[in-house]
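Colleague: Have a look; sequence and predicted model below, questions after that.
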Amino acid sequence: MRLIDYLKDKIMIILLNISGLFILSCFLLLTNNHISNVLIIVISWISIFLIYLLIEYFRRNKYFKDLEELLHKLDKRYLISEVMESSHRLEDKKYREILRRSNKSVIEKINEIEDEKKNYKEFIESWVHEIKLPITTMELICENNKDEARRKIQSELAKVDNSVEMVLFYARAEEVYKDYLVKEINLNCLISETISRNKSYFIQNRMMIEIEDKVVTVCSDKKWLSFIINQILINSVKYKQDDFGKIKIYSEKIKDSVKLYIEDQGIGIKESEVNRIFDKGFTGSNGRQNSKSTGIGLYLCKKLCIKLGIDISVESKIDEYTKVILILPKNDYLSKL
């Protein structure tokens, strides 16, 4: 709080004191008081009033500085009225009471929204589990009918299954810790299982996937990591360059981590868009040409990577390649958090 602002706020009191001092001085002079006596009264009045203003300014300034520091330390800043120190000033007490009532209303509204969000999340999870049953049934029917139509249907079912899975993981993304098990994973086995799960989808889209034959172990959650890798692979299929596409997956060890590279020979990403591909809803110029793009897959991957302690980045060159790099921990420090 600046002194000039404080004085502007007190302008009415200052004007009142100046007016009172002027009237008193005129009265004393008109009643034949000596001018020296009047000057002593004027100087004393002004001095006492200035001392009062300065003392009051420093007290109020300290009061608000302490409040700002307290607000800065709070995680839930809307609870400031519950922890702020009491004041002897009547207006401060009134403001605090108004704040408490307002904050109580805010907290009640937040709890109401959280309950609605929880109910919606539970409904989505229930719906996902219910919809997976007919998907699985249709996949079994397709397995028993070996023809071209079956392969096309199976490919489309894989897309539906991936979309449903994305909905489930999106609903759970805020509470990863409730469905989270860190353990040592054979990375190559996990990648092979992920590819096998969508084998018909990759075959239908004429995608060849080359995996480096090397035993590498990392520590992470198997289910969530598989989802991240799967989303990256699906993106590679969406943005392949020709009828036939290729994905190369390889890794390298660095200190206490493993770098996993997933590189495709697709249409690539513009340099100006690379840093934005993890933004929610961002599809870029490629996405506008591809109606299948939603801008959610990579956003969700980034969000889950942050939760899992995985670093994710992308390198790309237009019309040549896109390389997604995951840096995965080799130790189990995450399970000890």
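Modeller: Noted; the coordinates are in hand. Numbering: from 1, shown residues only.
Colleague: Now do the longest helix belonging to the chain: which elements does it pack against?
Modeller: Longest helix in the chain by number of residues, with DSSP state H as the criterion: helix 90-143. Helices and strands touching helix 90-143, as assessed by 3 or more CB pairs under 8 Å, 6 or more residues apart in numbering; DSSP states H and E, comprise helix 80-83, helix 148-172. All C-beta spots, glycine's among them, are computed from the backbone N, C-alpha and C.
Colleague: helices and strands of the chain: which one bottoms out on pLDDT?
Modeller: Using mean pLDDT, DSSP states H and E, helix 284-289 stands out as the lowest-scoring helix or strand of the chain, at a mean of 63.
Colleague: Just read off the phi/psi values of Asp256.
Modeller: phi -100, psi 20 (degrees, to the nearest 10).
Colleague: tell me the pLDDT at Asn331?
Modeller: On pLDDT, Asn331 comes in at 69.
Colleague: which SS state does the closest residue to Met208 other than its chain neighbours fall under?
Modeller: Distance criterion CB to CB, 6 or more residues apart in numbering; nearest residue to Met208, sequence neighbours excluded, is Lys246 at 4.8 Å. With DSSP: H, G, I helix; E, B strand; the rest coil as the basis, the three-state label of Lys246 is strand.
Colleague: And the one 3 residues further on, by the same measure?
Modeller: Under the three-state scheme (three-state DSSP), the conformation of Ile249 reads as strand.
Colleague: State the pLDDT value of it.
Modeller: Per-residue confidence at Ile249 stands at 93 (pLDDT).
Colleague: Contact partners for it?
Modeller: Taking CB atoms under 8 Å, 6 or more residues apart in numbering, we find Ile249 in contact with Ile191, Ile209, Glu210, Ile211, Glu212, Leu260, Tyr261, Ile262, Glu263.
Colleague: Can you tell me which of those are buried?
Modeller: Burial by neighbour count, 16 or more other CB atoms under 10 Å: within these this picks out Ile191, Ile209, Leu260, Ile262, Glu263.
Colleague: coming back round to it: now do the longest helix of the chain against helix 148-172, angle only.
Modeller: Computed by axes from the mean of the first three to the mean of the last three CA atoms, to 10 degrees, the angle separating helix 90-143 from helix 148-172 equals 160 degrees.
Colleague: Adjust the sequence numbering to begin at 3 for everything that follows.
Modeller: OK, 3 is where the count begins now, so the last one is helix 92-145.
Colleague: ok, Ser157 to Asn200 distance?
Modeller: As for Ser157, its distance to Asn200 is 9 Å (criterion: CB to CB, to the nearest Å).
Colleague: Tell me which of those two has more neighbours.
Modeller: Taking other CB atoms under 10 Å, Ser157 and Asn200 do not tie; Asn200 has more neighbours (21 against 17).
Colleague: Run a quick neighbour tally on the residue nearest to that one when sequence neighbours are not counted.
Modeller: Nearest residue to Asn200 in three dimensions, chain neighbours excluded: Ala160, at 5.2 Å (CB to CB, 6+ apart). By other CB under 10 Å, the residues close to Ala160 number 22.
Colleague: Now do the same for Ala160: its pLDDT.
Modeller: pLDDT, Ala160: 77.
Colleague: Likewise for Val316?
Modeller: Looking at Val316, its pLDDT reads 92.
Colleague: Hmm, Ser238 is touching Met209, no?
Modeller: Yes: between Ser238 and Met209 there is a contact under CB atoms under 8 Å: 7.3 Å.
Colleague: what do the two both touch?
Modeller: Shared contacts of Ser238 and Met209, defined by CB under 8 Å, 6+ apart, comprise Gly247, Ile249.
Colleague: And those two? Which one has more around it.
Modeller: Ser238 (23 against 19).
Colleague: Noted, bye for now.
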